[in-house]
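J.: make a model of this:
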Amino acid sequence: MMDILVFLIFLGATFAAGATGAMFPPGHWYERLEKPPWTPPNWMFPVAWTSLYLLMSFAGARVAGVDGSGFAMAFWAAQIALNTLWTPVFFGLRRLKQAVPIMALLWVAVAGCMVTHWQIDTLAGLAFVPYLAWVTVAGALNISVAARNPNVEPVALQDQP
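T.: The predicted structure follows:
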């Protein structure tokens with residue numbers, strides 16, 4: 001049984017992660033990049049992420065507090081942290097190649113979520129299937145964009161005093 005307050009806490013965490021999209025929007029430099037023909041249309045990204053955030057919040061809330069959910073919650077925390085990290089690296093710093101290992105780790109974390117949540121609650125595990133599919137496409141897109149645009153100039157990190 002899912003507690004609505006727990007769901008809202010997970011939802012807050014997912015939308016906080018999603019806020020990096022607003023903080024580091026793709027912008028004109030991304031529009032000018034060479035992308036593969038199978039790149040999803042721009043309108044699909046916010047629709048997909050909103051749906052995925054709802055599903056991962058649902059899944060997390062269904063298993064949180066259940067005996068034996070430690071690995072599931074650890075994978076949930078890892079995937080949301082990596083999800084949060086990828087956007088500033090790719091869009092904020094424009095470090096296309098450096099975003100690839102983050103995406104690979106995100107894929108592993110989402111797969112871990114799917115398996116560990118499924119072991120506790122079938123619906124929770126199923127809720128991660130679309131996320132794993134999306135991260136698979138996003139990872140392939142990240143690799144393709146990085147390969148097609150080897151001369152993208154990364155944003156320089158400011159010297160710290």
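J.: just the element for Leu105, please.
T.: In this assignment (DSSP states H and E), Leu105 forms part of helix 96-120.
J.: how far does that helix sit from its chain's centre?
T.: With C-alpha atoms, centre = their mean, to the nearest Å as the basis, helix 96-120 stands 9 Å off its chain's centre.
J.: does anything pack onto that helix? Which helices or strands?
T.: For helix 96-120, the helices and strands in contact under the criterion 3 or more C-beta pairs under 8 Å, 6 or more residues apart in numbering; DSSP states H and E are helix 44-63, helix 70-87, helix 122-127, helix 129-148. C-beta coordinates here come from the backbone N, C-alpha and C atoms, glycine included.
J.: got the contact list for that helix?
T.: 56, 59-60, 62-63, 66, 68-69, 71-72, 75-76, 78-79, 82-83, 85-86, 89-90, 124-129, 131-132, 135-136, 138-139, 142-143, 145-146, 149, 152 (C-beta atoms under 8 Å, 6 or more residues apart in numbering).
J.: cutoff 7 Å now
T.: 59, 63, 66, 68-69, 71-72, 75-76, 78-79, 82-83, 85-86, 89-90, 124-125, 128-129, 131-132, 135-136, 138-139, 142-143, 145-146, 149, 152 (C-beta atoms under 7 Å, 6 or more residues apart in numbering).
J.: check stretch 72-88 too.
T.: Taking contacts as C-beta under 7 Å, 6+ apart, the residues outside stretch 72-88 that touch it are 13-14, 17, 20-21, 24, 60, 63-64, 99, 102-103, 105-106, 109-110, 112-113, 116-117, 120.
J.: stretch 27-36 spans what distance, first to last residue?
T.: 18 Å (C-alpha to C-alpha, to the nearest Å).
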